[in-house]
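In: let's see this in three dimensions:
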Amino acid sequence: MEILTGNSRELCAGVMTDLSRYRHKVFVEKLGWELNCTDGQELDQFDGPHARYVIGRNSRNDIIASARLLPTTQPYLLSEVFPYVLNGRPVPSSPEIWELSRFASVDFTVSTVPRIARRSEQSIAIELLRACMAYAAAQGARRLITVSPIGIERLLQRAGIVMRRAGPPTLINGHPIFACLIDCDDAQFTDGEQEIDAA
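Out: Next up, the predicted model:
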């Protein structure tokens, strides 16, 4: 998988258009999120000059994974939309903590057999996450904070990625989600499952 990184000025216009269409296909068409979109493209108020992107492409330049990184010193998704998932704790605001959002690892070009597609997407997800951690660390981040479905917790554990809950699981539209902090330290890439410090 080829990894592209940068902000909207550093990535060419064609890549940003492909990214917004990919996000629409994932979040609106596949997952059914009700987002304010036009012309089959998904961008929101947080896709501004402070946003950084990590994009995975296959050998044909199709986007198969993407993520957005936002510094918590600026308005970001968790601080503005989901602060309640922190269960009363203050939202982070630090140059050492960046938000990971709009994370997707759906390869629309591979097998539609559910078991095979799921295994491929999990592998892509881990590779993308590690690329996000490395890129964020290069920007000065020590941790990522993200709001995710609760099932992501076990995926992170299996990949040996050190994380901890930043709040208890919360139901949104009947689905349990939680906020978690992920260390960007190279030292956290270990084998096997890790013990999770549940806050």
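In: list the contacts for the residue nearest the centre of the chain?
Out: The C-alpha lying nearest the average C-alpha coordinate of the chain belongs to residue 103 (C-alpha atoms, centre = their mean; 2.9 Å). For residue 103, the residues meeting the contact criterion (C-beta atoms under 8 Å, 6 or more residues apart in numbering) are 66, 67, 68, 125, 128, 129, 132, 146, 148. Yep, even glycine has a C-beta here, placed from its N, CA and C like the rest.
In: identify the spatial nearest neighbour of residue 69, chain neighbours not counted.
Out: In space, and not counting its chain neighbours, residue 69 is closest to residue 52: 4.3 Å by C-beta to C-beta, 6 or more residues apart in numbering.
In: for that neighbour, give me phi and psi.
Out: The main-chain torsion angles of residue 52 are listed as degrees, to the nearest 10 and equal phi -120, psi 150.
In: against residue 104, how distant is residue 185?
Out: In this structure, residue 185 and residue 104 are 25 Å apart, going by C-beta to C-beta, to the nearest Å.
In: try residue 87
Out: Counting by C-beta to C-beta, the gap between residue 87 and residue 104 amounts to 26 Å.
In: can you show me the helices along the protein?
Out: Listed from the start of the chain, the chain has helices (DSSP state H) covering 13-23, 77-80, 114-138, 152-158.
In: out of the ones you listed, flag the one nearest residue 97.
Out: Between residue 97 and the helices of the chain, the shortest gap by C-beta to C-beta is with helix 114-138, which sits at 9.3 Å.
In: can you give me the buried ones in that closest one?
Out: The neighbour-count criterion (16 or more other C-beta atoms under 10 Å) identifies 120-121, 124-133, 135-137 as the buried residues of helix 114-138.
In: check stretch 139-157 too.
Out: Across stretch 139-157, burial judged by 16+ other C-beta under 10 Å covers 141, 143, 144, 145, 146, 147, 148, 152, 153, 156, 157.
In: for stretch 21-33, same thing?
Out: So, applying 16+ other C-beta under 10 Å, buried residues of stretch 21-33: 22, 23, 24, 25, 26, 27, 28.
In: show me where the chain has its strands.
Out: Under the criterion DSSP state E, the chain contains strands at 2-6, 52-57, 63-71, 97-104, 143-149, 163-165, 170-172, 175-183.
In: how about the helices of the chain, which one is nearest residue 59?
Out: Judged by C-beta to C-beta, the one of the helices of the chain that comes nearest to residue 59 is helix 114-138, at 13.8 Å.
In: now do that closest one against strand 143-149, angle only.
Out: If you take axes from the mean of the first three to the mean of the last three C-alpha atoms, to 10 degrees, helix 114-138 sits at 150 degrees to strand 143-149.
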